[in-house]
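Undergrad: got a predicted structure here, sequence first:
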Amino acid sequence: MEIDTLLNNTKEKVNLDNYWLPFTPNRQFKENPDLISNASGHYYYLEGGRKILDAISGLWCVNAGHCRTPIVDAIKKQVTELDYATAFNMSHKSVFLTANKIAELMPENLNKIFFTNSGSEAVDSSLKIAAAYFQAIGEKSKHRFIGRERGYHGVGFGGISVGGIPSNRKVFSQCLIPGVDHIRHTHIPEKNLFSKSQPHHGAELADDLERIIQLHDASNIAALIIEPIAGSTGVLIPPIGYLERVRKICDEHKILLIFDEVITGFGRTGSAFASQSFNVTPDMIVFAKGVTNGTIPMGGVAVRQDIYDSMMHGPKWLIELFHGYTYSGHPIASAAANATIDLYKSEKLFDKAKDLSPYFEKKVHSLSNSKYVVDIRNYGLMCGIELDKIKEKPGVRAYDCFKKCLEAGVLVRNAGDVIALTPPLITDEKNIDLIVDTVHDALNSI
Ligand code: PLP
């Protein structure tokens, strides 16, 4: 299929055949492509000019809204001054400032920041740091990892191995990294349907970790990685007391606890990180997405001071961690991150998200009697609306709802048979009403 486009004021034909879209049914998409041409604030504009209210912050990343001037200006300035800085044995000032700003937002002591270009790379980096740490302190048998069912940790081999989404693993089952187990997920609909904020039942699911520790012995386990709120598998909120119990078990067995905060980071839960909202501090936090407001790829891992310190041994001329990326701490990403964090602060967007979350909760739960809705889960400015799935066609009902909402001018996210809503932190009551009412009408029309 070919479409006309205007590139540098010249009319060109664009062929849709060559681009292989990620996580998208390519053939279906290319029959009727939805192409975004530009964006501003709360909105996307499609080719042809139709205005779409973005109810998912791009892909859970554009937390301050689209094309924000301070971020755009910082990127423009940086690209003209320093396009790329050699990343190994050299660096540049801006990335040190980014590390300062991120460390300041992190829970105390998670103050060493390793940069990557995506959440997937950040997840794999955190696993490698965990493994390298135990080597460094002489506990050489501690190399196994534990993930959780229904976890999403990106698409690297490390990430899909600790991840718990069957469709992301099935085809690659022979190539997953060895030495990985999974604890049970925390979704127990028989007890927690339509919970508001944290569900009351299920703290004891943390004890599943003990089962795996007994199986392998703690002396063989390096780290547990979990999302404080599982996002991609339908917004699963941790039961009250669950994360605290996980933390305690990890401490008792000297297992590092890694929180993957790629979507919960940078204000989504009403604090800088979900770790602060839930008052549970892990040993590492994986971040990405909101760090640059989605403008330029960047991810990273915030690491506990003493983990870093334990690797700073040996001759000074020797590399301490044989790991890194050409674009770790890229100057343009750093400039974008610095401007983004300043904007989050100056507009008090994390507090704003917190203040708005009771209204968001009330409004999304008004869908509890809408057609096909079987559960609703929410925390901060994120929610999952679970639909009754069509048995032979999993995911189709949520996809149809997504398409209907798009036709009506609102972008929502379909994940399995869940509709996820994660509006930018600049949203307001009027937009929340519009988003939720559009979902209600869409459900009535499919
Ligand atoms: N971890 C979590 C919790 C995510 O939600 C995502 C992406 O959605 C990732 C990791 C992977 O991030 P990326 O797509 O930037 O590789």
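TA: Here it is on my side, so go on.

Undergrad: where in the stretch 1-150 of the chain is pLDDT low?
TA: Within the stretch 1-150 of the chain, the stretches with pLDDT under 70 are 6-8.

Undergrad: again, only this time at 80
TA: The stretch 1-150 of the chain contains residues with pLDDT under 80 at 1-10.

Undergrad: kindly report the residues of it close to the ligand.
TA: Ser118, Gly119, Ser120, Val123 (Cβ under 6 Å from any ligand atom). For every residue, glycine as well, the C-beta is placed using N, CA and C.

Undergrad: contacting residues around the nearest residue to the first one once chain neighbours are set aside?
TA: For Ser118, the nearest residue in space outside its immediate sequence neighbours is Gly299; the separation is 4.9 Å by Cβ to Cβ, 6 or more residues apart in numbering. Counting by Cβ atoms under 8 Å, 6 or more residues apart in numbering, Gly299 makes contact with 115-122, 262, 286-289, 291.

Undergrad: and with 6 Å instead?
TA: Neighbour list for Gly299: Thr116, Ser118, Gly119, Glu121, Ala122, Ala288 [criterion: Cβ atoms under 6 Å, 6 or more residues apart in numbering].

Undergrad: export those as CSV, with columns for distance to Ala336 and neighbour count.
TA: Formatted as CSV, those follow (distance: Cβ to Cβ, whole Å; neighbours: other Cβ atoms under 10 Å):
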residue, distance to Ala336, neighbour count
Thr116, 15, 26
Ser118, 14, 21
Gly119, 16, 30
Glu121, 17, 24
Ala122, 16, 30
Ala288, 13, 29
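
Undergrad: what lies in contact with stretch 90-102?
TA: Stretch 90-102 is contacted from outside by Ala85, Ile113, Gly329, Pro331, Ser334, Ala335, Ala337, Asn338, Ile341, using Cβ under 6 Å, 6+ apart.

Undergrad: what is the nearest of the contacts of Gly299 to the ligand?
TA: When the contacts of Gly299 are compared for distance to the ligand (Cβ to the nearest ligand atom), Gly119 comes out closest, at 2.2 Å.

Undergrad: so the residue nearest to Ser118 versus Lys289, what's the distance?
TA: Computed as Cβ to Cβ, to the nearest Å, the Gly299 to Lys289 distance reads 8 Å.

Undergrad: same deal with Ile419?
TA: Distance from Ile419 to Lys289, counting by Cβ to Cβ: 20 Å.

Undergrad: the more surrounded of those two?
TA: Ile419 (32 against 26; other Cβ atoms under 10 Å).

Undergrad: ok, the spatially closest residue to that one that is not a sequence neighbour - how many residues close by?
TA: Excluding the flanking residues, the one nearest Ile419 by Cβ to Cβ, 6+ apart is Ile385, at 4.5 Å. Counted with other Cβ under 10 Å, residues neighbouring Ile385 total 30.

Undergrad: check Asn109 too.
TA: Other residues close to Asn109 by other Cβ under 10 Å number 15.

Undergrad: and what of the one 5 residues further on?
TA: The burial metric for Phe114, expressed as a neighbour count using other Cβ under 10 Å, is 24.

Undergrad: how about the residue lying closest to it once chain neighbours are set aside, phi and psi?
TA: Computed as Cβ to Cβ, 6+ apart, the closest residue to Phe114 that is not its neighbour in sequence is Val301, at 4.7 Å. Val301 adopts backbone torsions of phi -130, psi 130, taken as degrees, to the nearest 10.

Undergrad: make sure Val301 is actually in contact with Asp283.
TA: No: at 10.4 Å, Val301 does not count as touching Asp283 under the criterion of Cβ atoms under 6 Å.

Undergrad: tabulate the contacts of Gly299 in JSON lines, adding columns for distance to Glu190.
TA: Formatted as JSON lines, these follow (distance: Cβ to Cβ, whole Å):
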{"residue": "Thr116", "distance to Glu190": "39"}
{"residue": "Ser118", "distance to Glu190": "36"}
{"residue": "Gly119", "distance to Glu190": "32"}
{"residue": "Glu121", "distance to Glu190": "38"}
{"residue": "Ala122", "distance to Glu190": "35"}
{"residue": "Ala288", "distance to Glu190": "34"}
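
Undergrad: from these, which is closest to Arg397?
TA: Gly119 (27.6 Å; Cβ to Cβ).

Undergrad: in contact with that closest one, which residues are there?
TA: Contacts of Gly119 (Cβ under 6 Å, 6+ apart): Gly154, Val262, Ala288, Gly299.

Undergrad: so Phe266 sits in a helix?
TA: No: per DSSP: H, G, I helix; E, B strand; the rest coil, Phe266 lies outside any helix segment and is coil.

Undergrad: check contacts around Tyr242.
TA: Applying Cβ under 6 Å, 6+ apart, the residues near Tyr242 are Ala203, Ala206.

Undergrad: if we use 7 Å, what do you get?
TA: When contacts are counted by Cβ atoms under 7 Å, 6 or more residues apart in numbering, Tyr242 touches Thr186, Gly202, Ala203, Leu205, Ala206.

Undergrad: care to break this structure down by domain?
TA: Domain ranges of the chain: 34-64+348-445, 72-346, per automatic domain parsing.

Undergrad: CSV for these, including distance to Asn9?
TA: Below are the domains of the chain laid out as CSV (distance: least, Cβ to Cβ, whole Å):
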stretch, distance to Asn9
domain 34-64+348-445, 15
domain 72-346, 20
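
Undergrad: to Asn26, which of the ones you listed lies closest?
TA: domain 34-64+348-445 (13.3 Å).

Undergrad: what's the end-to-end length of the closest one?
TA: 20 Å (Cα to Cα, to the nearest Å).

Undergrad: which parts of the stretch 151-300 of the chain are helices?
TA: 157-162, 166-169, 189-192, 208-216, 242-252, 274-278 (DSSP state H, counting those that start in this stretch).

Undergrad: count the residues that sit near whichever residue of the stretch 201-350 of the chain sits closest to the ligand.
TA: Nearest residue of the stretch 201-350 of the chain to the ligand, counting by Cβ to the nearest ligand atom: Val262, 3.5 Å away. By other Cβ under 10 Å, the residues close to Val262 number 28.

Undergrad: I appreciate the help and will end here.
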